[in-house]
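K.L.:
Any chance you could fold what I've pasted below:
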Amino acid sequence: MQRFIFLCSLVASCFNFCFAAVPPLEREISLSLNNEQVIIGLNKIQQQTGLIFSYSSSIINNLAPVSVNIIQKTVREALALLLPNNITVRSKNNYIILKERVIEKNPKKTELSGYVYDKTTDKKLANVTIYDKTSLQSVTTDEYGFYSISIPTKNQSIIVNKVNYEDTVLKISDLKNNLITFINLNPIADSIKNKDSVLWKAKLKDFSHYTNNMFRKFKGYVNTLNIKDTMARNFQVSLIPFVGTNGLLSGNIYNKYSLNVFGGYSRGTNLLELGGFFNIDRENSKGAQLAGFFNIVGDSVKGAQLAGFFNITGKNMWGAQAAGFWNLNIGNSNGVNAAGFVNTNMGKTKGAQLAGFVNIAADSMKGAQLAGYFNHAKSLDGIQVSGFANNTAGNMDGIQVSGFFNHAKKVNGLQVGFFNFSDTCAGAAIGIFSFVKKGLHQIEFSSDEVQYANLSFRTGVHKFYNIFSVGITPSANEPLWSFGYGLGTSFKIKNKLRSDVTLSAHHISIGGFNANENELYKLYWGLEYKFKKRFSIAAGPVFNLYLANTYAPGYNLRYDNVAPYLLFTSNISAADGYNLKGWVGGKIAIRFL
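P.N.:
Predicted structure coming up:
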């Protein structure tokens, strides 16, 4: 006996386990009745599912006999065939509760429920959107394809949408008299699958993958995939996405005015959107969009976008963006981007980028980039100003100014920085060191009245170049030697004849390095004649100024005689002992490269 009870308990446990994961009304049964009482049908359902029906006998015993023949249908579908419309069905745990309801003469709401099927496969469809465009009431089918919706009685139709299926409009009069309704959807042809009427997912590009994953968690997200139609409202208020006056259809609606207490999600905005924390528009934002933390627009912005932390636009921006940290435009930008840290424009930029740290224009830049640290543009027609470095990958027509480093492939303008680099330069590069790949690189050997042997390297372009030099005058005792730096410019007179003007400064030492003031300043103006492509001779007069500290050790014995002759001499600061000598000399040089 105990063994029998154990086996029965085991069978019952297995039976309950098999159905535990499936909701009571979605369990499948087979039922055959031929002009039999309803209660017989209920008993057969209990036997197959283990469910328990709870009802008043008065509402079941007086029902007329029925004939039913179904195979592998849900309990809900079976009860719809067994029971009249005035009996409601509700499940709780393992119980099915049947109650009689009073049918109103003039109901304000129409209750619809049922299943949505694929017309070709007869399979139930999950995540189908059923909605009323007027009242914005909407539901989506559950994993079993079931829906239940309540809409105003005065409304005439509902719309049924699912991605990759034909849009379907149904008259309410054809549905409301049934306990449950069955809606069949036609799949669309493969050649036009996944075509969105506004192509919003394509416009979001890679960014859409992130936002879509983020909003999949919201119940109303599936409606944005299913519904292609665009709806509009003058005003909406929401607490969080899909919790507001536009309900679960908020992602499908354009609003003129939008107020998001914490954050909101809409199809777009036409005048003003305010968000306490964030605003997200699937498509376009026109007018002003302001958020305490971030704004995201899937397509384009026309107007102003202001956020405490970051703004992101999936396509183009016309107007002004201001963010405490970061602005990102995946498309073109026409206007002003201002950010506390970084601005990034992936498309063409026309206007201004202002950032506390970095500006990036991945395509062409027409306008101004001002950054505390670094600016980058694919090409530039305008100005770049940064505290550290500027980079233009292509042509630069304008000005680059930095505290340390400038680079451009082709310069048609001016570079000002500590270091300047380019492939070609049709303008000028002003800095301590400028290197132009296809510019001026000259090695110069020269001699003058102070130092008989000098070696210099001239780099930059003819309009403006840097000079690094060393020189020496051999001596039986201690050699006089120097190192120096200078700037110069050269202009063409004829095909092979040029004129140079240079200004340089040299520190003079005799013997070992002398840290005292012994500075020689030279202003040179001469002619250069090019005999061959990489060989030329230059010569010209030099005006010299020699400044020395007469109180320095060894001045009278060594440094007082650096000048070979004098045009003038003057003690410019008797208290400090500084003496200035001047004379006119000359230089002759040969140059290579």
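
K.L.:
got any ranges where the stretch 1-150 of the chain has weak pLDDT?
P.N.:
1-20 (pLDDT under 70).

K.L.:
Now do the most centrally placed residue in the chain, the pLDDT please.
P.N.:
Nearest to the geometric centre of the chain sits Leu328, at 3.7 Å (CA atoms, centre = their mean). Predicted confidence (pLDDT) for Leu328: 96.

K.L.:
Also Thr168?
P.N.:
Predicted confidence (pLDDT) for Thr168: 87.

K.L.:
Now it: closest residue in space that isn't a chain neighbour?
P.N.:
With CB to CB, 6 or more residues apart in numbering as the criterion, Thr168 has its nearest non-adjacent residue at 4.3 Å, and that residue is Val160. Using the backbone N, CA and C atoms, a C-beta is placed for each residue, glycine as well.

K.L.:
Can you say which helix or strand has the one you found in it?
P.N.:
Using DSSP states H and E, Val160 sits within strand 157-161.

K.L.:
try Ala232
P.N.:
strand 231-240.

K.L.:
Partner strands of the helix or strand just after that strand and their direction?
P.N.:
Using DSSP H and E, the next helix or strand after strand 231-240 towards the C-terminus is strand 243-244. Based on DSSP bridges, the pairing partners of strand 243-244 within the sheet are strand 231-240 (antiparallel).

K.L.:
Flag every buried residue along the strand it pairs with.
P.N.:
Residues Met231, Arg233, Gln236, Ser238 are the ones in strand 231-240 that count as buried (16 or more other CB atoms under 10 Å).

K.L.:
circling back to that earlier point, identify the residues contacting the residue nearest to the centre of the chain.
P.N.:
The neighbours of Leu328, taking CB atoms under 8 Å, 6 or more residues apart in numbering as the test, are Phe310, Asn311, Ile312, Thr313, Thr344, Asn345, Met346.

K.L.:
quick one, phi/psi of the fifth one?
P.N.:
Looking back up the chat, that one is Thr344. Phi and psi for Thr344, reported as degrees, to the nearest 10, are phi -130, psi 120.

K.L.:
now do the third one
P.N.:
When quoted as degrees, to the nearest 10, the phi and psi of Ile312 stand at phi -130, psi 130.

K.L.:
For it, grab the count of nearby residues.
P.N.:
Per other CB atoms under 10 Å, the neighbour tally for Ile312 reads 25.

K.L.:
which residues does it bridge with?
P.N.:
Note on Ile312: beta-bridge partners by DSSP bridges are Ile296, Leu328.

K.L.:
Spit out the contact partners of it.
P.N.:
Ile312 is in contact with Phe207, Phe294, Asn295, Ile296, Val297, Asn327, Leu328, Asn329, Ile330, counting by CB under 8 Å, 6+ apart.

K.L.:
One more: the fourth one?
P.N.:
For Thr313, the residues meeting the contact criterion (CB under 8 Å, 6+ apart) are Val297, Asp299, Ser300, Val301, Gln305, Gln321, Leu328, Asn329, Ile330, Gly331.

K.L.:
With the last one instead?
P.N.:
Taking CB under 8 Å, 6+ apart, we find Met346 in contact with Leu328, Asn329, Ile330, Gly331, Ala362, Asp363.

K.L.:
Try it again at 10 Å.
P.N.:
Met346 is in contact with 205, 313, 315, 328-333, 360-363, counting by CB atoms under 10 Å, 6 or more residues apart in numbering.

K.L.:
As a check, name the ranges of all helices in the protein.
P.N.:
With helices called from DSSP state H, the chain shows them at 2-20, 38-49, 57-60, 75-82, 200-215, 221-226.

K.L.:
Run through who's touching the strand holding Ala232.
P.N.:
With contact meaning CB under 10 Å, 6+ apart, strand 231-240 is reached by 131, 133-134, 136, 218, 244-247, 249-250, 252-273, 275-278.

K.L.:
In the strand holding Val160, which residues are buried?
P.N.:
Across strand 157-161, burial judged by 16+ other CB under 10 Å covers Ile158, Ile159, Val160, Asn161.
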